[in-house]
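*Asks:* Provided below for reference: sequence and predicted model.
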Amino acid sequence: MLKHLTEWTLVLGIFGIAAALGNWLGYDVLPWVAIPGLIILIMISVAGLILEKLIPGNIPAVGYIGVIGILVSLPFVPGSDFIVEWTSKVSILALATPILAYAGISIGSNWADFRKLGIRSIIVAIMVLFGTFIGSALIAEVILRWQGII
């Protein structure tokens, strides 16, 4: 368990550094302003990963991470004001960028397995991405028109 904990913390720390740089370059939030929020997010993630290993069942770590994140940000939880304030300094896109880059590198380094998926899987992936984009654009269009912004 200690080996897993060390690996998780190291990987999440690297993602945290990349997110701090992305937050700084993309959103003009200085790294030392974002670091408290990133540390909180890393601690929540590690706690969720630990719970996944300790609690029997087939609940993925992301479920535990989501529940912990919700619980620590509830208004009646002591310190939640600080947690919400600090984590609000971190842009979600700054977090997603290094994760997506890692996923791209993982797929790129394993093209043989990717090719085994076949053309049907690639077509489905393209359609899912296209559908998500069109769906998001339609929702944005409806909401912005409803609010009178466009």
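*Replies:* Sure thing, it's come through.
*Asks:* right, and the helix or strand after the worst-scoring helix or strand of the chain on mean pLDDT?
*Replies:* Lowest on mean pLDDT, DSSP states H and E among the helices and strands of the chain sits helix 111-116, with a mean of 66. For helix 111-116, the following helix or strand on the C-terminal side (DSSP states H and E) is helix 118-146.
*Asks:* by contact count, what packs against that next one?
*Replies:* Packing partners of helix 118-146 (3 or more C-beta pairs under 8 Å, 6 or more residues apart in numbering; DSSP states H and E): none among the helices and strands. Every C-beta, even on glycine, is put in place using the N, C-alpha and C of the backbone.
*Asks:* Let me know the average pLDDT across that helix.
*Replies:* Mean per-residue pLDDT for helix 118-146: 83.
*Asks:* Figure out how far it is from the centre of its chain.
*Replies:* Distance of helix 118-146 from the chain centroid (C-alpha atoms, centre = their mean, to the nearest Å) equals 20 Å.
*Asks:* Phi and psi next, for residue 57.
*Replies:* phi 130, psi 180 (degrees, to the nearest 10).
*Asks:* Then the one 3 residues further on?
*Replies:* Backbone dihedrals for residue 60, given as degrees, to the nearest 10, come out at phi -70, psi 160.
*Asks:* tell me the pLDDT at it?
*Replies:* Reported pLDDT for residue 60: 89.
*Asks:* Quick check: which element contains the residue lying closest to it once chain neighbours are set aside?
*Replies:* Distances taken as C-beta to C-beta, 6 or more residues apart in numbering put residue 52 closest to residue 60, at 6.7 Å, once the chain neighbours are dropped. Using DSSP H and E, residue 52 sits within helix 31-54.
*Asks:* and residue 12, how many neighbours?
*Replies:* Number of residues near residue 12 (other C-beta atoms under 10 Å) recorded here: 20.
*Asks:* Tell me which residues touch it, please.
*Replies:* Residues in contact with residue 12 (C-beta atoms under 8 Å, 6 or more residues apart in numbering) are 42, 45-46.
*Asks:* how near is it to residue 19?
*Replies:* 10 Å (C-beta to C-beta, to the nearest Å).
*Asks:* Next: residue 10.
*Replies:* 15 Å.
*Asks:* Neighbour count for the two, which is higher?
*Replies:* Set residue 10 next to residue 19 and count neighbours by other C-beta under 10 Å: residue 19 wins out with 28 against 10.
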